[in-house]
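Novice: here you go, sequence then predicted model.
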Amino acid sequence: MKKVILSISAMLVSVVGFAQANVSNVNQIGLVNGALVSQVGATNDSDILQIGILNGASVVQAGVSNEADINQGGFLNGAGVTQDGNSNDAYVGQLGAGNLAFIDQYGDSNDAVTGQLGFLNYSNTVQIGNDNSATTLQFGLGNGSDIYQEGEGNFAGVLQAGFFNSSSTTQLGDYNGAITVQFGFDNSATTWQNGTSNGALTIQLGDSHMSTINQWGAGNGAIVYQSN
């Protein structure tokens, strides 16, 4: 009987240990690709896929049940994900050359997606707080996006197609929403939200447009449409 109890106890310890284990998968196809993964905590998951030459990726996870996915295809792409908290989710997909993408998440249940197709695009997303969501999609050459979210339940979306467009979105507070759409060349958009439940939409079609939206308070709404 004593042996049976000891066997059951050993099995339970094994199951608990397995359930709390971190998981990392790195797959590299090509030449001189580099990957670095650090996981501290429990049930964190990291997946890195690199196909091409001289791509670099890093994932740093601290906490419980964070998930990070980085897929790179091409040449000299770079991506980094940092997660400190619980149940954060980050995805980076890059296809092309010289693209850079960074996602930093501090808190719980934040979600960030970055997709880059083209050359020399740059994206940086920082989330501090809980339940924030950010999506950045870049198609073309030399587009740049910065998203900074501090608070709870904020949403930011950026879509760039063309050349050398730039977008900056800052959200301080709770439940703010901002969307920026840029199609063309050398467009610039800045959105600043400080407060609660503010909404901003910027659409730029063509070349060399400039837009700035600043919102302080609660329940403000702004729409900017520019074309030429």
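Specialist: Thanks, I have it.

Novice: shaky segments in this protein?
Specialist: Per-residue confidence of the chain (counting by pLDDT under 70) places the weak regions at 1-19.

Novice: give me the number of residues near the nearest residue to residue 23 once chain neighbours are set aside?
Specialist: Take residue 23 and drop its neighbours on the chain: the residue closest to it by CB to CB, 6 or more residues apart in numbering is residue 45, 4.8 Å away. Backbone N, C-alpha and C define where each C-beta goes, glycine included. The burial count assigned to residue 45 is 17, neighbours taken as other CB atoms under 10 Å.

Novice: write down the beta-bridge partners of the residue nearest the centre of the chain, one by one.
Specialist: Among the residues of the chain, residue 112 comes closest to the average C-alpha position under CA atoms, centre = their mean, at 3.6 Å. Residue 112 has these beta-bridge partners by DSSP bridges: residue 90, residue 134.

Novice: what do you get for the one 10 residues further on?
Specialist: Each beta-bridge partner of residue 122 is listed here: residue 100, residue 144, as defined by DSSP bridges.

Novice: and the gap between it and residue 176?
Specialist: Taking CB to CB, to the nearest Å as the measure, residue 122 and residue 176 are separated by 23 Å.

Novice: the two: who's more crowded?
Specialist: Residue environment comparison for residue 122 versus residue 176 gives the larger neighbour count to residue 176, 29 against 19, counting by other CB under 10 Å.

Novice: surely that one touches residue 197?
Specialist: Yes. Contact criterion CB atoms under 8 Å: residue 176 and residue 197 qualify, at 6.7 Å.

Novice: count of neighbours near residue 66?
Specialist: Burial of residue 66, expressed as a neighbour count using other CB under 10 Å, amounts to 30.

Novice: likewise for residue 146?
Specialist: Residues lying near residue 146 (other CB under 10 Å) number 18.

Novice: what's the helix or strand hosting it packed up against?
Specialist: Secondary structure from DSSP states H and E places residue 146 in strand 144-152. Applying 3 or more CB pairs under 8 Å, 6 or more residues apart in numbering; DSSP states H and E, one finds that strand 144-152 makes contact with strand 122-130, strand 133-141, strand 155-163, strand 166-174.

Novice: pipe these into TSV and attach distance to residue 92 per row.
Specialist: Output for the helices and strands packed on strand 144-152, formatted as TSV (distance: least, CB to CB, whole Å):
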stretch	distance to residue 92
strand 122-130	8
strand 133-141	10
strand 155-163	14
strand 166-174	17
